[in-house]
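Student: Pasting the sequence and the predicted model now:
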Amino acid sequence: MPGLLDFGFNNIELWRSEEMQLVQLMIPAESAHDTVGALGDVGLLQFKDLNADKSAFQRTYANQVKRCDEMARKIRFFHDQVEKAGMTVGIRAITDKGYEMDELEGKLEELETEMLEVNGNSERLARSYNELVELQLVLEKAGSFFDQARIDAQSESFERTYSVPETMDAPLLESALPSATANTGRLGFVAGLIPQEKLNGFERLLFRATRGNMFLRQTPVGSVKDPATGEQVEKHVFVVFYAGERARTKVLKICEAFNANRYPFPEDPARQRQMHGEVTARLRELHTTIEAGERHREAVLQNIAFNLDQWATQVRREKAIYHTLNKLSMDTSRKVLVAEAWCPLAAKPRVHEALRQAAMASSTQLSTVLQPLMTKDPPPTYFKTDLFTNCFQAIVDAYGIARYREVNPAVYTIVTFPFLFAVMFGDFGHGLLMFMFALYLLANEKKFLKQQLDEIFGMAFGGRYCIVLMAVFSIFTGLIYNEFFSMPMTLFGKSRARCFINNVLDDSIRDMRLCPERGGTIKLIGPYPFGVDPVWHGTKSELPFLNSMKMKMSILLGVVHMNLGIMMSLYNNLYFRDRLSTICEFIPQMIFLNSLFGYLCICIVYKWLSAKQTDLYHVMIYMFLSPGTVDEAGYLFKGQAGLQVGCGVCAAGHDGLSLYLITIFLATA
C-alpha cells in the first residue's frame, strides 16, 4: 500500500518535518556564554527549561537579564530622541565586533547622562527664551496701553482747564474744584499673557470676583510658544487694573487658576524702555546659546544614531544568551552547566563545529560534551525552509502546526493557495500589474534584505514569491475568463456567435446585442478556442452565465481540495502505521464525501460535456426525496437512478459502518 501511493513525495525535503533528537550538553561554566552564543548563531537547537520550578528572580543569571533590560530601556530612550530629532537610524552593512557587555553598559550610561543633561539644559534655555519673548510682548503691548492713556489724560486735562463753566454757580478758581485724588486710592495693575480660549472666562470671573471694580485691557499677539509646554498657542496680552489689596489678591489667584503668565511691568516710561533693551539683549544671548546647544545635541545624536542599530542587536543577543542560560541547570560544584535540547539529526555536524569554535574562542581547557538522550516526550516540529518556501510555510503555520513527522500541507499550498486566489481574482491586466510588482521585489531582493523595512512593505516583500505565483495564475485565469481590466479580449479570435435572420447569416451585425432587436437569432458556429467567448460581455445573461460557471468550478475545486486533505491523512496513517484510523476514519470519510459531492462533480462535468439543460438542484434534492426514480427534469444518463440509490445508501450508512468497523477492530485487537 505505501509503495502504491508513493508518488515521490518522500524525496521532497519539505514533505515531512526534520528528524529530531534530544541531546544533553555539559558546558563548562567559564565558556557557557560563548558556547550558547555560538549555538544561537547556528539557530537549530530548542533548549528545554530545566528550571521550570524556579521564578525568573531565582535563576542564576537573573541579574544579567536585568542589566540587559536596563540597557534596552536606554536604547529605546535613544531611539525616541533620534526620531524626535528627525534623524534616521543607521544600518551598517558590515558590523564591528562591538563592545563587551560591561563596556557597552558603561558607554550607554555615559551617553544617557550626557543626553539627559543636554535635554535639561535645552529645556531650561527654551523656557527662559519663551518667557523673555512673552515679557518683551508685554512690555511692547502694555506700554502702548499706558502711552495711550497718558495722551488721553493730557487732552482731557487741557479741555477741563480751558473750558467755560456751564452754570453761573460753578466755581471759577481751580482751588475751589473738588479733588479726585482726595476720595480715591491708588490704582494697581497686573500684566501678563493668557491663552485666547481662556480669555472670555477669565474676564467674566474677574468681573464677578471684584464686583465690577476692575478694568481689563487686552490685545492679541498671535501664536506664541508657551514656556511650560513649548507648544504654539494663540495668546493675548492683558492688563488688569484694580483698587485695594483684597482685589489684588483675588486677581492674582484668578490668574493662577487660568494659567495666565504674569510678568513685572514698571510704570516709569524710562524704566520700561531700559527693561525692553535689557530683554532684547538677553534674547540675543539666549538665541546664540540655544543654537550652540542644538549643534552639540545634534552631534551627540548623530553618533548615537550611527551605532544604535548595532547596539540594539548586541543587547538583544546578550539578553537571549542569558535567557537561555537561565534554562540550564547548575551542578553541585557550580563548574558545569547541564542543558537539554532538541536538535535536528542533519544539523549535528554544524552543532559540533560550533562547539569546537566556542571552546577555542573562550580558551578553556575543557570542551562541551554532547550526548544523545532517550526520551518518550514528543519532539518539536521543524521544517527546513528557504526564501521560496518560507512564506508558504508561514501561511500554514498561521492555521496550525503539524505534529512531528506528519505530512506538511505547505507542499500543496505552494500551488493551491496562489491558484485559488487566481480563481477569485482572475484578470489578465491585474495579473500583469502584480507580476511587474513581484519582479521589482525580486530584482531588488538583495538590497531589501539588508534594509529594515516597515510592517506593510516588509509583509509584501516576505511574500514576494507567493505574489509571483499569484500573478502568473491570475494571468492564466484571466485568459480563461477573457478579461483585461474587466474588458473582453480577442486574443484567440473573434466571437464564434453569429446573427441569423430568417435562418440566413447576417455578417453586418457585429454587436450581438442588436440581433434580437432586428428579429434575428444568435447561434454559435463552434466552440471558442480558449476561455469564455467575448460575446457574453455586456449582455443581460452575462452575470447568470458567469456566476453559474464559476460556482460549478468552485464546487469542483473544493471537492478536489477536500479529497486532497483526506488523502494527506492517509499518508500520515500509513507512515505511523495507524490501521484503525485508516479503516475507521479515512475509508468512511472518502465514502461520504464522494458519494454526495463526488457524484455532484460527475453530474457537473457530464452536463458540460453533453450540453444538457438538467437542473442539478433538482437532481440532488430528489436524490433523497424520491430515491430510485428520475423524472424528466433531473435526467442526465442511463443508470442514473441506480447510481443515486447506491450513493445515498453509502452516504447514509457511513456512520454505522464506521462504528461497526471500530467495534470489530477493537474486538480483534
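Tutor: Cool, the structure landed.

Student: mind saving the C-alpha coords of stretch 284-304 as PDB?
Tutor: Taking C-alpha atoms only, stretch 284-304 is exported to PDB below (Å, rounded to 0.1, in the frame of the first residue of the first chain):
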ATOM      1  CA  ARG A 284      20.100  87.600  21.500                       C
ATOM      2  CA  GLU A 285      22.400  85.900  24.000                       C
ATOM      3  CA  LEU A 286      20.000  83.100  24.700                       C
ATOM      4  CA  HIS A 287      19.400  82.500  21.000                       C
ATOM      5  CA  THR A 288      23.200  82.100  20.400                       C
ATOM      6  CA  THR A 289      23.400  79.800  23.400                       C
ATOM      7  CA  ILE A 290      20.500  77.700  22.200                       C
ATOM      8  CA  GLU A 291      21.900  77.300  18.700                       C
ATOM      9  CA  ALA A 292      25.300  76.100  20.200                       C
ATOM     10  CA  GLY A 293      23.400  73.700  22.400                       C
ATOM     11  CA  GLU A 294      21.400  72.400  19.500                       C
ATOM     12  CA  ARG A 295      24.600  71.800  17.500                       C
ATOM     13  CA  HIS A 296      26.100  69.900  20.300                       C
ATOM     14  CA  ARG A 297      22.900  67.800  20.800                       C
ATOM     15  CA  GLU A 298      22.800  67.100  17.100                       C
ATOM     16  CA  ALA A 299      26.400  65.900  17.100                       C
ATOM     17  CA  VAL A 300      25.700  63.500  20.000                       C
ATOM     18  CA  LEU A 301      22.500  62.200  18.400                       C
ATOM     19  CA  GLN A 302      24.300  61.600  15.100                       C
ATOM     20  CA  ASN A 303      26.900  59.500  16.900                       C
ATOM     21  CA  ILE A 304      24.100  57.600  18.700                       C
END
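
Student: Identify all contacting residues around that stretch.
Tutor: 78, 81-82, 85, 87, 111, 114-115, 118-119, 121-122, 125-126, 128-129, 132 (Cβ atoms under 8 Å, 6 or more residues apart in numbering). (Each C-beta comes from the backbone N, C-alpha and C, glycine too.)

Student: Which ones among the residues you listed lie within strands?
Tutor: In strands, defined here by DSSP state E, there are no members of these.

Student: quick one: low-confidence parts of this structure?
Tutor: Scanning the chain for pLDDT under 70 picks out the ranges 1-11, 90-98, 147-186, 504-520, 524, 538, 654-657, 661, 665-669.

Student: mind listing the strands for it?
Tutor: 20-28, 46-47, 187-195, 214-225, 232-243, 261-263, 329-330, 336-344, 369-372, 483-484, 487-488, 497-501, 504-505, 521-524.

Student: Turn the ones you listed into JSON lines, including mean neighbour count and distance to Val251.
Tutor: Below are the strands of the chain laid out as JSON lines (neighbours: other Cβ atoms under 10 Å; distance: least, Cβ to Cβ, whole Å):
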{"stretch": "strand 20-28", "mean neighbour count": "19", "distance to Val251": "76"}
{"stretch": "strand 46-47", "mean neighbour count": "16", "distance to Val251": "71"}
{"stretch": "strand 187-195", "mean neighbour count": "19", "distance to Val251": "5"}
{"stretch": "strand 214-225", "mean neighbour count": "16", "distance to Val251": "7"}
{"stretch": "strand 232-243", "mean neighbour count": "20", "distance to Val251": "5"}
{"stretch": "strand 261-263", "mean neighbour count": "19", "distance to Val251": "9"}
{"stretch": "strand 329-330", "mean neighbour count": "16", "distance to Val251": "72"}
{"stretch": "strand 336-344", "mean neighbour count": "20", "distance to Val251": "73"}
{"stretch": "strand 369-372", "mean neighbour count": "12", "distance to Val251": "82"}
{"stretch": "strand 483-484", "mean neighbour count": "20", "distance to Val251": "77"}
{"stretch": "strand 487-488", "mean neighbour count": "16", "distance to Val251": "76"}
{"stretch": "strand 497-501", "mean neighbour count": "17", "distance to Val251": "92"}
{"stretch": "strand 504-505", "mean neighbour count": "10", "distance to Val251": "101"}
{"stretch": "strand 521-524", "mean neighbour count": "13", "distance to Val251": "93"}
